[in-house]
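*Asks:* Just to be clear, the model below is a prediction. Sequence and coordinates:
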Amino acid sequence: MAFTGTAEDGFLIPLDARKEVGGHGMGFRPLQLFAVGLAGCTAMDVISILKKKRQDVTEFEVSTAIERAAEHPKVFTKIVLEYRLKGKNLDRDAVERAVELSETKYCPAQAMLEKTAEITHKIVIEEEE
């Protein structure tokens with residue numbers, strides 16, 4: 001149940017299953033990589049757009065909360081993307097627009113996953129002291 005995934009540029013990533021199903025729990029489960037890929041895709045879009053808008057972001061994190069169908073193939077049915085930003089004088093409208101552009105224009109991971117899942121967004125902004 002353990003494999004090593006590789007990309008054309010040579011990067012390696014360990015894959016494994018939970019111990020309960022015959023794995024050793026020594027790597028990502030494949031669907032975890034979907035969630036990581038989605039978070040990474042939108043994070044890169046949003047931070048790039050905010051840099052262009054000259055927003056002073058000092059900390060940035062995107063997390064996912066995912067619900068799956070009860071029956072096989074147990075696809076994602078609901079996804080909440082939570083964007084947590086910290087910075088100086090961040091403009092909420094600029095952040096919301098960056099998230100919207102990622103969702104509607106730039107992030108292919110969101111475009112693919114929205115075919116099976118309802119995707120919602122939550123934005124938390126904290127002012128840098």
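*Replies:* Okay, I see it.

*Asks:* rest of the way, CA atoms for contacts and neighbours
*Replies:* OK.

*Asks:* Roughly how far does the residue nearest the centre of the chain sit from Leu50?
*Replies:* What sits nearest the mean C-alpha location of the chain, by Cα atoms, centre = their mean, is Ala39, with 1.1 Å. Distance, Ala39 to Leu50, by Cα to Cα, to the nearest Å: 16 Å.

*Asks:* ok so, going back, residues contacting the residue nearest to the centre of the chain?
*Replies:* Contacts for Ala39 were tallied using Cα atoms under 8 Å, 6 or more residues apart in numbering; they are Val62, Ser63, Thr64, Leu81.

*Asks:* is the second one in a bridge, and if so with what?
*Replies:* Right, the one you point to is Ser63. Note on Ser63: beta-bridge partners Glu82, judged by DSSP bridges.

*Asks:* Would you confirm that it contacts Ala43?
*Replies:* No - look at Ser63 against Ala43 with Cα atoms under 8 Å: they stay out of range, at 9.5 Å.

*Asks:* buried residues in the longest helix belonging to the chain?
*Replies:* Assignment by DSSP state H gives helix 30-52 as the longest helix of the chain. By neighbour count on 16 or more other Cα atoms under 10 Å, the buried set for helix 30-52 is Ala35, Leu38, Ala39, Gly40, Cys41, Thr42, Ala43, Asp45, Val46, Ile47, Ile49, Leu50.

*Asks:* before we move on, back to that, give the buried subset of the contacts of Ala39 as a ChimeraX selection command.
*Replies:* To isolate the buried ones among these in ChimeraX, judged by 16+ other Cα under 10 Å, type:
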select :62,63,81
